[in-house]
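S.K.: starting from these lines, generate the structure:
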Amino acid sequence: MLKKILKNIFTGNRTLDVKEDNVSPVQLKKKMDPVFGRSLRIRQVDAGSCNACEWECTALTNPVYDIQRYGIDLVASPRHADLLLVTGPVSRQMELALRQTLDATPEPKIVVACGDCAIDGGIYKGSYAVNKGVDSVIPVDLVIPGCPPEPGRIMEALVQMMEDIRQGRS
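M.R.: Alright, predicted model coming up:
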């Protein structure tokens, strides 16, 4: 990998076009443009996870995946977001904050549960301190399974979601 990076640096291509699970950033861009008008803003919310999913979401912005070059960015405020990407099983202390975050998000509100914990509680399932997943607190439009899901899997899910929106499927 290091040789590939160095070769790209010296030949002028500063980013790698990595293809994982048959989804490339180029495909992501082609699907995104008609739906979100050349930009997609994601507010990532940690609702009580172990942070493994957050690391994978952050990896989307590193030089290997570099989704920011396609107009996809992680934002700090739900008021600027097109999509909420929730990780973790939603601890009892985060229930109200998650609802308030969803309320602050402009319409249409798209919620993605990222990781096994967000889907059904994952390894925390059955604990008194957490819910059974994000959909027990707020409505969820898309789930991305995995513990944690790889960045390529997250990109694949975003591509499929955008294709469904473009074709009018829910």
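S.K.: the longest strand anywhere in the chain: what's the following helix or strand?
M.R.: The longest strand of the chain (DSSP state E) is strand 40-46. Using DSSP states H and E, the helix or strand that follows strand 40-46 in sequence is helix 52-59.
S.K.: could you say which helix or strand holds Gly146?
M.R.: Using DSSP H and E, no helix or strand contains Gly146.
S.K.: now do the host helix or strand of Glu95: which elements does it pack against?
M.R.: Per DSSP H and E, Glu95 falls inside helix 95-104. Helix 95-104 sits against strand 40-46, strand 83-87, with contacts defined as 3 or more Cβ pairs under 8 Å, 6 or more residues apart in numbering; DSSP states H and E. Just so you know, the C-beta spots here come from the backbone N, C-alpha and C atoms, and that holds for glycine as well.
S.K.: so where is this protein shaky, pLDDT-wise?
M.R.: By pLDDT under 70, the low-scoring segments of the chain are 1-38, 169-170.
S.K.: quick one: the helices in it, in order.
M.R.: Under the criterion DSSP state H, the chain carries helices at the ranges 2-11, 25-36, 52-59, 95-104, 116-120, 151-166.
S.K.: can you show me the CA trace of the shortest one as CSV?
M.R.: Extracted C-alpha coordinates of helix 116-120, given in CSV (Å, rounded to 0.1, in the frame of the first residue of the first chain):
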residue,chain,number,x,y,z
ASP,A,116,-24.9,-3.9,14.9
CYS,A,117,-25.3,-2.0,18.2
ALA,A,118,-27.4,0.7,16.4
ILE,A,119,-29.5,-2.0,14.8
ASP,A,120,-30.5,-4.1,17.8
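S.K.: good, we can wrap up now.
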